[in-house]
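A.B. asks: Coordinates for the following, if possible.
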Amino acid sequence: MLLSVLFIAALLFAVQWYSLNRSLRYFSYRSEPDRGLAECGEVFSIKTVLRNTGWFPLLFLHLKEYVPRETVFEEDSTVGNRTAGQQRADTVIDEILYVLSHQEVIRTLRMSLSKRGRYLFGSARVTAGDFFGIDSRTQRYDTPHEVVVYPKKADIEEWMPEIDDYLGDISVQRFILPDPIETIGFREYTGREPMKEISWPKTLSSGQLTVRQFDHFSDLKACILVNIEAALPQEIEYVYSAARTVAEDLEKRHIPFSFHTNALIASSAVVSSHVMSGSGRVHLQKVLELLGRSTYEKTAGLDRLIVQAAGSRDVQKAYLLISAASVRPDVLKHYEQRYGIRILDLKRKETHEDTRSD
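C.D. replies: The predicted model follows:
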């Protein structure tokens, strides 16, 4: 009898010890969104997978998941033992559940994010209770997955006449000063063309003077400059939204464009603060992602931003400057003269009025 009691006590002690010290060894947590890029307010799903590969059932699990404060749940986040509340900088999803041996529990939550930015999902704290409910063990899980939210579109109708006139002027300049790189064909020399347009290799092969033909309008290029120097967060947000709208307008016009900003880029990897010239849906998406990742902290001043963008002295490129704070005209004039370029300084109407009142 005594041996039986001792055996049962030893068995219960072993179960208790195992449940307390080894139960989470075979438990895993994974949570990831179904997309990495989203619009403000766009609904996406977060799938959470809880897996127990051990033989011991986890009869009490207290799961705390941390999601960004800007999270908006598309369904009731209080279901059964699940609740959601604010804690410091995050929203915490609390849930009590169990996972049997060799079982996988999958949950899906639909949500959206209310503001532009870069957000991380996949952080949780799991507390497992022992067999008798006397003690518990807690483990933290961090499997970060990014969701980058694009800036909202801005109303830039007040800028459109300026942009149209400016792009038109650049096109005329391209006609007067054709770029010899953009050759679309050859034709016979008539005597009216400049000597520099003669193609000597083609002349030698054809046996007669031949000049290059240029395409003056089909390949107009642009450069978007986003300057956040000396500005408040709400002003910077408007600039990001305006830059998005300008980028989409250039894409609709089929005008290749590059993108440069002096904002610090939030990322877990090294991400450049500029996008090389290009066009198409993928190119536009790169620019929008960069705007989503941009922070309120600057990495350089306006001078460095213009030097990086205009260093090639591409006089036939349209430079569109979008600044969060006003820039003195004489400063821009200095860079225009230095690099032989033209910069269109896009400002909000209120900014123009403030400048005149000063």
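
A.B. asks: residues near the residue lying closest to D90 once chain neighbours are set aside, how many?
C.D. replies: The shortest distance from D90 to any non-neighbouring residue, by CB to CB, 6 or more residues apart in numbering, is to Y66 (4.4 Å). From N, CA and C alone the C-beta is placed, and that goes for glycine too. Number of residues near Y66 (other CB atoms under 10 Å) recorded here: 21.

A.B. asks: Kindly report the same for L321.
C.D. replies: 22.

A.B. asks: and what of G207?
C.D. replies: Residues near G207, counting by other CB under 10 Å, number 7.

A.B. asks: same question, H254
C.D. replies: 11.

A.B. asks: can you confirm it is in a strand?
C.D. replies: No - assignment of H254 by DSSP: H, G, I helix; E, B strand; the rest coil gives coil, placing it outside any strand.

A.B. asks: Tell me how far it lies from W159.
C.D. replies: 19 Å (CB to CB, to the nearest Å).

A.B. asks: ok, back up a step: packing partners for the helix or strand hosting the residue nearest to D90?
C.D. replies: According to DSSP states H and E, Y66 maps onto strand 58-68. For strand 58-68, the packing partners by 3 or more CB pairs under 8 Å, 6 or more residues apart in numbering; DSSP states H and E come out as strand 27-33, strand 44-52, strand 90-99, strand 117-129.

A.B. asks: go with 7 Å
C.D. replies: With contacts taken as 3 or more CB pairs under 7 Å, 6 or more residues apart in numbering; DSSP states H and E, strand 58-68 sits against strand 90-99, strand 117-129.

A.B. asks: And the ones you listed: which comes nearest K153?
C.D. replies: Of all the helices and strands packed on strand 58-68, it is strand 117-129 that lies closest to K153, at 16.2 Å by CB to CB.

A.B. asks: Could you say which helix or strand holds D169?
C.D. replies: Assigned by DSSP H and E, D169 falls within helix 160-176.

A.B. asks: Tell me if I'm right that L59 and Y98 touch.
C.D. replies: Yes - using CB atoms under 7 Å, L59 is in contact with Y98, at 5.0 Å.

A.B. asks: okay, and the common contacts of the two?
C.D. replies: Applying CB atoms under 7 Å, 6 or more residues apart in numbering, one finds that no residue jointly contacts L59 and Y98.

A.B. asks: and the gap between L284 and A247?
C.D. replies: The value you get for L284 to A247, if CB to CB is used, is 6 Å.

A.B. asks: If you count surrounding residues, which of these two has more?
C.D. replies: Taking neighbours as other CB under 10 Å, L284 and A247 compare with A247 leading, 23 against 20.

A.B. asks: which non-adjacent residue is nearest the more buried one?
C.D. replies: In this structure, A247 finds its nearest non-sequential neighbour in V287, 5.0 Å apart by CB to CB, 6+ apart.

A.B. asks: Touching the helix or strand where that neighbour lies from outside, list them.
C.D. replies: Assessed by DSSP H and E, V287 sits inside helix 281-293. With CB under 7 Å, 6+ apart as the test, helix 281-293 has contacts from 37, 116-118, 148-151, 240, 243-244, 247-248, 251, 259, 265-267, 271, 275.

A.B. asks: buried subset of the residues you listed?
C.D. replies: Buried members of these, scored by 16 or more other CB atoms under 10 Å, are 116-118, 148-151, 240, 243-244, 247, 251, 259, 265-266, 275.

A.B. asks: Which members of those define the maximum pairwise distance?
C.D. replies: Farthest-apart pair in the buried ones among the contacts of helix 281-293 is E251 and A266; separation 24.2 Å (CB to CB).

A.B. asks: circling back: out of the helices and strands packed on strand 58-68, which comes closest to E229?
C.D. replies: Proximity to E229 (CB to CB) singles out strand 117-129 among these, at 20.0 Å.

A.B. asks: Show me what that closest one is in contact with.
C.D. replies: Strand 117-129 has contacts (CB under 7 Å, 6+ apart) with 23-24, 29, 31-33, 46, 58, 60-68, 113, 136-149, 266, 292-293.

A.B. asks: Quick check: what element follows it along the chain?
C.D. replies: strand 136-149.

A.B. asks: Okay, now the sheet partners of that following strand, with direction.
C.D. replies: strand 37-38 (parallel), strand 117-129 (antiparallel) (DSSP bridges).

A.B. asks: Who is T261 paired with across the strands?
C.D. replies: When assigned by DSSP bridges, T261 has beta-bridge partners V226.

A.B. asks: List buried residues within the contacts of strand 117-129.
C.D. replies: Looks like the contacts of strand 117-129 have 23-24, 29, 31-33, 46, 58, 60-68, 113, 141, 146-149, 266, 292-293 buried, using 16+ other CB under 10 Å.
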